[in-house]
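Asker: Compute the structure for the input listed below.
(chains A and B)
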Number of protein chains: 2
Amino acid sequence: MIRSLITLLICCTVLPAQTITSPAGKLSLTVSMTADSTPQYTLSLGATPVAAPGRLGIMVKDIPSFLSGFVVAKAETSLVDESWDPVLGEVKTIRNHYRQLKLTLRQPAVKDRIMILTFRLFDEGVGFRYEFPQQDNLNYFTVTGERTEFAMTGDHRIFWMPGDFDTNEYKYAETALSGVDAAAYKDRGEIFTAGISGNSMVQTPIQMRSKDGLYINIFEAALNNYPAMCLDVDTKSFLLRSVLAPDAVGNRAYLQAPAVTPWRTIIVSRKAEEVLASKMILNLNEPLKLTDVSWITPVKYVGVWWEMHVDVASWNYADVRNVRIGETDWNALKPNGRHGATTARTKVYIDFAAKHGFDGVLVEGWNVGWEDWFGNWKEQVFDFITPYPDFDVKELQRYAKEKGVKLIMHHETSSSVTNYERQLDTAYRFMKAYGYDAVKSGYVGKIIPRGEVHDGQWMVNHYLRAVTKAAEYKIMVNSHESVRPTGIQRTYPNWIAAEAARGNEFNAWSSGNPPAHETILPFTRLMGGPMDYTPGIFQIKRSFYDPKRTEQVHTTLVKQLALYVTMYSPLQMAADLPENYEAKPDAFQFIKDVAADWDDTRILEAEPGDYITIARKAKNKESWFLGAITDENPRKTTVPLSFLDAKKKYVATIYADAPDAHYQTNPMAYVISRHLVTGKTALKLSLAASGGAAVSIIPATPQEEKQLKLYK
Amino acid sequence: MIRSLITLLICCTVLPAQTITSPAGKLSLTVSMTADSTPQYTLSLGATPVAAPGRLGIMVKDIPSFLSGFVVAKAETSLVDESWDPVLGEVKTIRNHYRQLKLTLRQPAVKDRIMILTFRLFDEGVGFRYEFPQQDNLNYFTVTGERTEFAMTGDHRIFWMPGDFDTNEYKYAETALSGVDAAAYKDRGEIFTAGISGNSMVQTPIQMRSKDGLYINIFEAALNNYPAMCLDVDTKSFLLRSVLAPDAVGNRAYLQAPAVTPWRTIIVSRKAEEVLASKMILNLNEPLKLTDVSWITPVKYVGVWWEMHVDVASWNYADVRNVRIGETDWNALKPNGRHGATTARTKVYIDFAAKHGFDGVLVEGWNVGWEDWFGNWKEQVFDFITPYPDFDVKELQRYAKEKGVKLIMHHETSSSVTNYERQLDTAYRFMKAYGYDAVKSGYVGKIIPRGEVHDGQWMVNHYLRAVTKAAEYKIMVNSHESVRPTGIQRTYPNWIAAEAARGNEFNAWSSGNPPAHETILPFTRLMGGPMDYTPGIFQIKRSFYDPKRTEQVHTTLVKQLALYVTMYSPLQMAADLPENYEAKPDAFQFIKDVAADWDDTRILEAEPGDYITIARKAKNKESWFLGAITDENPRKTTVPLSFLDAKKKYVATIYADAPDAHYQTNPMAYVISRHLVTGKTALKLSLAASGGAAVSIIPATPQEEKQLKLYK
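Answerer: The predicted structure is shown next:
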């Protein structure tokens, strides 16, 4: 519902600088023209400049560019204040409140060609995009580049990873803007498809902190039919400039008027918590486009997966290196004896899921082709319908149904996307025939069509095509190694989660994720949408499986629990092996209890790279869950529970790092205590180095009110 | 059936030059090694050298090349003499008779890596290919180039068109080898996707004629999972060298051992007729891979098509230039009033087909998207299932069935092949639901996946994927703008025909096809397989439709008739409008009578660029059909009918150019006469400039034997 709409029409051919302020007056935005009639904008928070004049424009092929020579044909402003309820989300209702400035720009030298710049100014930031209306002088056109400038006003601290059109799986670096040096970035060798796109280029989103205390986040919203955006950093002037992922022939986007670009976004606040609380990126996306969403539900799941990452089992069935889909006789191959996705092992997970109340069981490595799936740029790599001889699809369908558990499909594409698209209908039909409602898709490796990249327009369209086709089949999609989400789950909530960042899996076999990693992700990757981070690793040490291995998860066990709250996702995995959970049933209780869909969320404390504390209220329940995490530094904090219903008493179960816990030396030591709490309680939490705290806060029964003592 | 097989095993690590001779001893081939252990071959016809030493080898990425450093590990020869019956063809039975030399080459410096060269020496030519067996030192590999040399021994005359990875629709040039200059080639502006691939590069196949009277044809056979081959001509040394069509990133082929390349072929004879009669390219292809072929039948068809080429009707329904599949409301568009594919117009063609005994009716422009289908590199361009509002699929299914005629589907992909592949299953299912058994597919424009080319490995695989999937649906495929065929119709005979050359359509709207064009095509494009040339144009002059237009078909009307015999295809269109045929029912009778599938074929006379005379015996009938064509020069010839059954009398209906006929000034003048003929008859034919003669020779009834006079 649009509560108010004011339109202001200014007729003029010369632009007096247009200035608008955000609904509550926090931010102001000015759009003006340079001497050569190039549009530029500035953004301020009160009197503090956020973005100095930054130019806007689009480069195109074979026809004059959309860079300069503009006059303002029309300037319209409006105020929108509406609210909407996400299908799945962090809060029940989201307010969409902004002032819009829509500038119609005309290029007299290009037969009066029109481009529209639309700015939406929220109290927490701005989104703007380029719009190309249908017109006689513009029909099909090819974008060769975008010159969107973000002119920072100082040498801000920045959390960044190298710009790369094929992967988002880097660790984050924290430097000054002047210190950004993608060319010198280490650790790229750990990533299969690493290909740094430029020496001074960084991936979006980026989170910055200015010397005068501003938290500035730059990203994009509603990425659709357009390539993803990196930023090229001028380390001297602190100007950031958009760089779009290219296609196979070096173009960036093929557009047909009418067309719009994604929104370019700047979120800014003096409080880091407000950055995390922002729903601006969701608000800039299109409303829900699915009619029936009854089948879209939060999913807590386990799966035959981590055991492959710690090398206890294998994805592949046989140890050969050359197979052919449709030709190889799988029954004739000698099994390697380590195959994870067997009927028997899957039943162990189904039993475990049924016993502990999980919705789903993911099984990776069930389908033929894993013997040589990686690194060969092989097109006919998987068929998505042929199980290995030791995986009985029909029997598992029967067994899972009997146990009330859903199997979750796995489609590794090996990035052979032409092959996947050819078979998508067949693959989805197969899923529905065997009772699967959700799929984890994977895009490991170099893309086919060869020359395309993971973050280019063609692939961006592919991901959405897979998601919208899945919606026709009432299938939820969890895409891994896909482009970073930009809020499109508002429109297609069956795109329930994505990976598109460095997930917990790296803790199994690489140099791992640094302790600060999970305190940065919510400010970067998660700004665009839920991540399937796969938390919940209880067996921190790789040496448990193999004495020769020294890798370990770079958190305490309790921090793994806290991640279920601090890393929002309506799809949450309990990623460890059933055996490891059964060894620690008291700690596992938190994972069993924690919700995955929420009526309310409070960002209590947050500092990127240091710590995050979040409390969330479970969907349609009175229960709250609180998670607190810290980086490599131990941390003590006091958390008032003032968000609780003042009239109620609750039982708080506190999962705390043991006093001597430490992510390196003693990561699995924890203490669990239960207390009565009220809205007046303030929890004193003590987090170990890379530790955490997890608290479930559930309305007390009369009996509990008698038995338990009030927290103090 | 293999009648004899002799294997000769020579164990040696140093190669004495290996020489084999063809079964009847006409040709001899020698394979030897250069000083740097590079394999090379020579070919001779009797004492006359055909190919001087030419080196062989393959370049690969990241690993040592397959160019030199070889020793011979094994040399095996064998003699094969077998025969097989094509499903559709020019003759009932084909003899496959060759001596094979299989050289296993080892590279000691590359961990004894193995490559096999297999030569098959027929009496009419040689085919050879590279084979990569499965081995420890070779699994997946990327071909970056192929160095196959064809070392011509003199400055032969050559019929050529510029090398181009995207089109075969050029006119042929006739020059000396020293005169090949693709860069200077004219007329490329007439071809949508022209992109000449190199200054001295020519398309295969090429037909040459040496000063000492050899007709030499170079091409390839069994092109599958590999790019098509062009030849780079050294105009000084007359060395021709293979150049493979690249993929989007500049590689040529992605192979997985075991793998083989297509066969490289040289056909040579002192008689041009023997080149046309050769079945070597078919013989080098794999045997039939389909089990049930009962549904693969010859097809004579008419269609809503030429009227669009002469601009009497349009493919598009509305004159707008910007539509969106799935979004545009086609009923809301204003029809342009010229749309060809209407229900009413299609019924005219169905009636016409039923009346005159044609099997099928092609309708182009029936499905939405033609408003902006070309030139925009648009991916979502067609959906292959949504008809325009004025085309009633259901009613036409009913009507065609009632009339005993099959509708032929049309799938123009606009070369958006990713889009086509996504929808192929749906499109084929739609066809079968509405009674279509055959599809004409089109690949006009630049390929999507962008960066790929029509003749590259990815597209070569696509064409075959479309054909094999069609076979699952019992659908026959006639592909236009696809890669040139290389005999694969032996293996998949539902690939009933292809265009892949400059068809008759160019005579409607361009500078046209020169008079010699149809005398060259059988020596070049048709060496690989049937062409849907779409002959039978009776209304030669474009001015008939529009007084301002000056284009005309560059043949006489009678030559159009003769093409049904001289251009072999089991799929033959009567391409003109029904109205034009109904105006000349006597001449039309030949098109009605002529067969499209044959028990026997006699190449009576042939000279590339000058003339061709062919007689063919209809499948399972005693009738013969004879076609004779000439270039711009009038021609008189005497044709003995000695191929006829000596015991029978026949009625010959001779369709001849009128004495004053001329393709430019009087193209539509013809004379028809009927005579009794026997095997002793010699027809005296007089062909006008770019004229022809067409003769049907049908066993005489007793009554005809009485009524008609013997030819003299």
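
Asker: What are the buried residues along stretch A:599-619?
Answerer: Residues of stretch A:599-619 classed as buried: A:599, A:601-619 (neighbour count, 16 or more other Cβ atoms under 10 Å in any protein chain shown). (Each C-beta comes from the backbone N, C-alpha and C, glycine too.)

Asker: what does stretch A:259-271 give?
Answerer: Buried residues in stretch A:259-271 (16+ other Cβ under 10 Å): A:259-269.

Asker: What does the closest residue to A:Asp351 other than its chain neighbours show for phi and psi?
Answerer: Distances taken as Cβ to Cβ, 6 or more residues apart in numbering or on different chains place A:Lys403 nearest to A:Asp351, at 6.9 Å, with adjacent residues excluded. Per-residue torsions, A:Lys403: phi -90, psi 0 (degrees, to the nearest 10).

Asker: got the contact list for A:Lys403?
Answerer: Going by Cβ atoms under 8 Å, 6 or more residues apart in numbering or on different chains, A:Lys403 touches A:350-351, A:353-354.

Asker: on that earlier part again, taking the buried residues of stretch A:259-271, tell me the two that lie furthest apart.
Answerer: A:Ala259 and A:Ser269 (31.9 Å; Cβ to Cβ).

Asker: tell me the contacts of the closest residue to A:Pro205 other than its chain neighbours?
Answerer: Nearest residue to A:Pro205, sequence neighbours excluded (Cβ to Cβ, 6+ apart): A:Phe219, at 3.5 Å. By Cβ under 8 Å, 6+ apart, A:Phe219 lies in contact with A:204-206, A:265, A:267, A:281, A:486, A:527-528.

Asker: Residues of the stretch 401-550 of chain A that sit close to chain B?
Answerer: Applying Cβ under 8 Å from any Cβ of the partner chain, we find that the stretch 401-550 of chain A lies next to chain B at A:418, A:421-422, A:424-426, A:449-452, A:458, A:461, A:465.

Asker: switch to 10 Å and redo it
Answerer: A:417-419, A:421-426, A:446-452, A:456-458, A:461-462, A:465, A:469 (Cβ under 10 Å from any Cβ of the partner chain).

Asker: Mark which of those residues are buried, thanks.
Answerer: For those, a burial check counting by 16+ other Cβ under 10 Å picks out A:417-419, A:421-425, A:446-452, A:456-458, A:461-462, A:469.

Asker: After the worst-scoring helix or strand of chain A on mean pLDDT, which helix or strand is next?
Answerer: Here the helix or strand of chain A ranked lowest by mean pLDDT, DSSP states H and E is strand A:8-10, holding a mean of 43. Using DSSP states H and E, the next helix or strand after strand A:8-10 towards the C-terminus is strand A:18-21.

Asker: what packs against that next one?
Answerer: Applying 3 or more Cβ pairs under 10 Å, 6 or more residues apart in numbering or on different chains; DSSP states H and E, one finds that strand A:18-21 contacts strand A:27-33, strand A:39-45, strand A:71-84, strand A:94-107, strand A:113-122.

Asker: who wins for proximity to chain B among those strands?
Answerer: Chain B lies closest, by Cβ to the nearest Cβ, to one member of those: strand A:113-122, at 15.2 Å.

Asker: coming back round to it: identify those among the buried residues of stretch A:599-619 that sit within strands.
Answerer: A:599, A:601-607, A:611-618 (DSSP state E).

Asker: Which members of those residues additionally contact chain B?
Answerer: When these are filtered against chain B using Cβ under 10 Å from any Cβ, no residues are retained.

Asker: Buried residues of stretch A:702-712, list them for me.
Answerer: For stretch A:702-712, a neighbour-count test (16+ other Cβ under 10 Å) marks A:708, A:711 as buried.

Asker: Please consider this matter closed, and thank you.
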